[in-house]
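In: sequence below, structure please.
(chains A and B)
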Amino acid sequence: DTAVSQTPKYLVTQMGNDKSIKCEQNLGHDTMYWYKQDSKKFLKIMFSYNNKELIINETVPNRFSPKSPDKAHLNLHINSLELGDSAVYFCASSQGLPTSMEQFFGPGTRLTVL
Amino acid sequence: DAKTTQPPSMDCAEGRAANLPCNHSTISGNEYVYWYRQIHSQGPQYIIHGLKNNETNEMASLIITEDRKSSTLILPHATLRDTAVYYCIAQGSGGGADGLTFGKGTHLIIQP
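Out: Okay, the predicted model is just below:
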């Protein structure tokens, strides 16, 4: 069984479009995250959600908005896509504070903006 | 979060122990040392973590120096599937609300 799943795996779109990436975890974890890995392979935290509340919002453009319909899902909506948004986006989950020692990552979504 | 320094790349022969060093000289008393790895085109994978004592699990061993300023991840019998980028992270509990802060890591290449 897949612990953390993301859809789609690949996403190719035009500048200016709005797109969403879905993430689901079946581990019963309390906290979920979104990370971005750019072309230079740097992996950076974007958001985390704990019990459906946003508890961190890194300095990402407000075109990016995480939405969590329930504890098992954290979707990432991106409006007005730009070339610089091209990257691989990873969803992750953990047991939650205070003992979230291990984060489980999804397989990633490769977003290409043309 | 404490800054970590790792060699950009290392080679190791298949079947031998792979020893990956990490320097975290500014680590504070409540920060853990975590190791993750990322196999090509996959999401990062947790390996091990520790605070002060050495730790071992089914994947690896973590040796932390007494002053906690550096550590070594040991893969006891490296296989070709262990080729990956290995990240050493020094942070508070689980990254918690802040998520994990990844550096550049060490690209470990296992040679047949």
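In: can you find the helix or strand in chain A with the smallest mean pLDDT?
Out: Taking mean pLDDT, DSSP states H and E as the measure, chain A has strand A:53-57 as its least confident helix or strand, at a mean of 73.
In: walk me through which strands it pairs with, and which way each runs.
Out: strand A:43-50 (antiparallel) (DSSP bridges).
In: check what pLDDT residue 62 gets.
Out: The chain I'm using is chain A. With respect to pLDDT, residue A:62 scores 89.
In: switch to chain B, that's the one I care about
Out: Predicted confidence (pLDDT) for residue B:62: 98.
In: got it, and the one 5 residues further on?
Out: Residue B:67 is assigned 94 on the pLDDT scale.
In: for it, give its distance to chain A.
Out: From residue B:67 across to chain A, the span is 22 Å (C-beta to the nearest C-beta, to the nearest Å). C-betas here are computed from N, CA, C, even on glycine.
In: returning to that earlier point: name the next helix or strand downstream of the least confident helix or strand of chain A, please.
Out: Going down the chain from strand A:53-57, the next helix or strand is strand A:64-70, by DSSP states H and E.
In: now do the contacts for residue 38.
Out: Answering for chain A, as no chain was given. Counting by C-beta atoms under 8 Å, 6 or more residues apart in numbering or on different chains, residue A:38 touches A:44, A:87.
In: I was after chain B.
Out: Contacts of residue B:38 (C-beta under 8 Å, 6+ apart): A:43, B:44-45, B:84-85, B:87, B:105.
In: cool, residue A:67 as well?
Out: A:74-77 are the contacts of residue A:67 under C-beta under 8 Å, 6+ apart.
In: look up which residues are beta-bridged to the residue most central in space within chain A.
Out: The centroid of chain A falls nearest to residue A:34 when counting by C-alpha atoms, centre = their mean (3.0 Å). Taking DSSP bridges as the rule, residue A:34 bridges to residue A:47, residue A:91.
In: wouldn't it be in contact with residue A:78 here?
Out: No - distance between residue A:34 and residue A:78: 10.5 Å, which falls outside the contact criterion (C-beta atoms under 8 Å).
In: quick check: residue B:72 vs residue B:12, distance?
Out: 13 Å (C-beta to C-beta, to the nearest Å).
In: let me fix that, I meant to ask about residue B:85.
Out: The value you get for residue B:85 to residue B:12, if C-beta to C-beta is used, is 14 Å.
In: picking that back up, among the contacts of residue A:67, which one lies nearest to chain B?
Out: Closest to chain B out of the contacts of residue A:67 is residue A:74 (12.5 Å), distances taken as C-beta to the nearest C-beta.
In: which residue is nearest the centroid of chain B?
Out: Compute the mean C-alpha point of chain B, and by C-alpha atoms, centre = their mean the closest residue is residue B:35, 3.3 Å away.
In: nearest residue to it other than its sequence neighbours?
Out: Once flanking residues are discounted, residue B:35 sits nearest to residue B:47: 4.3 Å by C-beta to C-beta, 6 or more residues apart in numbering or on different chains.
In: what is the burial count for the one you found?
Out: Other residues within reach of residue B:47 by the criterion other C-beta atoms under 10 Å in any protein chain shown amount to 21.
In: strands of the chain, start to end?
Out: Looking at chain A here, since you left the chain open. Per DSSP state E, chain A carries strands over the ranges A:4-7, A:10-13, A:19-25, A:31-37, A:43-50, A:53-57, A:64-70, A:73-78, A:87-94, A:104-105, A:109-113.
In: please go with chain B instead
Out: B:9-13, B:18-23, B:32-38, B:45-50, B:55-56, B:61-64, B:70-75, B:84-91, B:106-111.
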